[in-house]
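K.L.:
need a structure here:
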Amino acid sequence: MEGAAVEFDRVWFSYSGGGNYALADVSFLATRGEIVALAGRNGSGKTTALKLLNGLLKPTRGAVRVLGVDTRNIGTGKLSRHVGLVFQNPRTQLFAMTALEEAAFGPRNFRLEDPLGAAMRSLASLGLRGLEGAPPLSLSGGQQKRLTVAAATSWGPEVIGLDEPTVGQDLINRMRLVGLIRLWASRGITTIIATHDVEFIWLLGARVILMSKGSVLADGPAHKVLLDPAAEAAGLRTPQVAEAARLLGLPEVPRGVPELVSALARAGGRS
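P.N.:
Numbering: from 1, shown residues only. A predicted model of the protein is given here:
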């Protein structure tokens, strides 16, 4: 499909190479600049799908194509130039002596003209300005998570995979992530997020691929999928703003708290 950044074509994956499939007949397309959330409880296949993005895992059956290239036909090193991947546990990724060196590794490896400048900009975009000289493992858990995001995106990959990016983040930094992901989208960068954080998905207005036991249950806009009974059956609760709107009898489902306040004001004006 023209414009497709990521394609899962009837993908099956087994860690043992036989049965007990972590993914079972998964198919979806993500276009350039699209924000996609893989949502579901632990063990639903979200993390496995992310690892297939950059060739860390290869499909047992079916095909994964990134920017038109079958991941079975390209090495992980070459594919990583185009795909930035952030793992759930930041300690599995951090290795450099300082945060700046961590964020500069990709730009240096891929021979960007100004690797330190790219690293500095990436750190600043994640609220890490002033921590450039800090040893990564001395940072708080939330800061470590944001550092892995900075390091995995500092060279400008066209596809970004984020595993539970909001873990350890306060409201300010959650909103920072929302703004950054939307900025990436405006630049044509595709972001695929594995998460069960429905509030974050709702704020992003992401397309949701609902997963359970390695299969896709639903695929569509957040305001439809997350309010479908299938989402609750898959272990996701209703977003708080949507639940508040229902309890208050509002005719519309707001995107966030400001929209909820505005809807309440309009409803009060009509009463």
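K.L.:
all contacts plus neighbour counts: C-alpha atoms, from now on.
P.N.:
Fine.
K.L.:
which stretches in the stretch 51-200 of the chain count as strands?
P.N.:
Using DSSP state E, counting those that start in this stretch, the strands of the stretch 51-200 of the chain run over 61-66, 69-70, 83-86, 159-163, 190-195.
K.L.:
looking at this protein, which helix or strand does the model trust least?
P.N.:
In the chain, no helix or strand scores lower on mean pLDDT, DSSP states H and E than helix 257-270, which sits at a mean of 64.
K.L.:
okay, the angle between the helix or strand residue 8 falls within and strand 159-163?
P.N.:
Using DSSP states H and E, residue 8 sits in strand 4-13. Using axes from the mean of the first three to the mean of the last three Cα atoms, to 10 degrees, the direction of strand 4-13 lies 50 degrees away from that of strand 159-163.
K.L.:
please renumber so the chain begins at 327
P.N.:
In the new numbering, first residue 327, that becomes strand 330-339.
K.L.:
after strand 330-339, which helix or strand is next?
P.N.:
Heading C-terminal from strand 330-339 (DSSP H and E), you reach strand 349-357.
K.L.:
how about that next one: buried residues?
P.N.:
With burial defined by 16 or more other Cα atoms under 10 Å, the residues of strand 349-357 counted as buried are 349, 350, 351, 352, 353, 355, 356, 357.
K.L.:
dump those residues into a markdown table; add pLDDT and distance to residue 489 as well.
P.N.:
As requested, the buried residues of strand 349-357 are exported to a markdown table (pLDDT from 0 to 100; distance: Cα to Cα, whole Å):
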| residue | pLDDT | distance to residue 489 |
| --- | --- | --- |
| 349 | 97 | 17 |
| 350 | 96 | 20 |
| 351 | 97 | 21 |
| 352 | 98 | 18 |
| 353 | 98 | 19 |
| 355 | 97 | 19 |
| 356 | 98 | 17 |
| 357 | 97 | 19 |
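K.L.:
closest to residue 514 out of those?
P.N.:
residue 357 (8.9 Å; Cα to Cα).
K.L.:
against which helices or strands is the longest helix along the chain packed?
P.N.:
Longest helix in the chain, counting residues (DSSP state H): helix 497-512. If you count contacts as 3 or more Cα pairs under 8 Å, 6 or more residues apart in numbering; DSSP states H and E, helix 497-512 packs onto strand 516-521, helix 524-530.
K.L.:
now stretch 340-360, how far from the centre of its chain.
P.N.:
16 Å (Cα atoms, centre = their mean, to the nearest Å).
K.L.:
element containing residue 534, please.
P.N.:
Here residue 534 is assigned to strand 533-538, by DSSP H and E.
K.L.:
how far off strand 349-357 does that strand point, in degrees?
P.N.:
Going by the same axes, to 10 degrees, strand 533-538 makes 180 degrees with strand 349-357.
K.L.:
what strands line up against strand 533-538, and which way round?
P.N.:
strand 361-365 (parallel), strand 541-547 (antiparallel) (DSSP bridges).
K.L.:
average pLDDT for that strand?
P.N.:
The average pLDDT within strand 533-538 is 96.
K.L.:
residue 441 - how many residues pack around it?
P.N.:
21 (other Cα atoms under 10 Å).
K.L.:
what's the answer for residue 439, then?
P.N.:
10.
K.L.:
for the closest residue to residue 340 other than its chain neighbours, give me its contacts.
P.N.:
Nearest non-adjacent residue to residue 340, counting by Cα to Cα, 6 or more residues apart in numbering: residue 347, 4.4 Å away. Each residue near residue 347 by Cα atoms under 8 Å, 6 or more residues apart in numbering is listed here: 338, 339, 340, 341, 540.
K.L.:
perfect, I'm done here.
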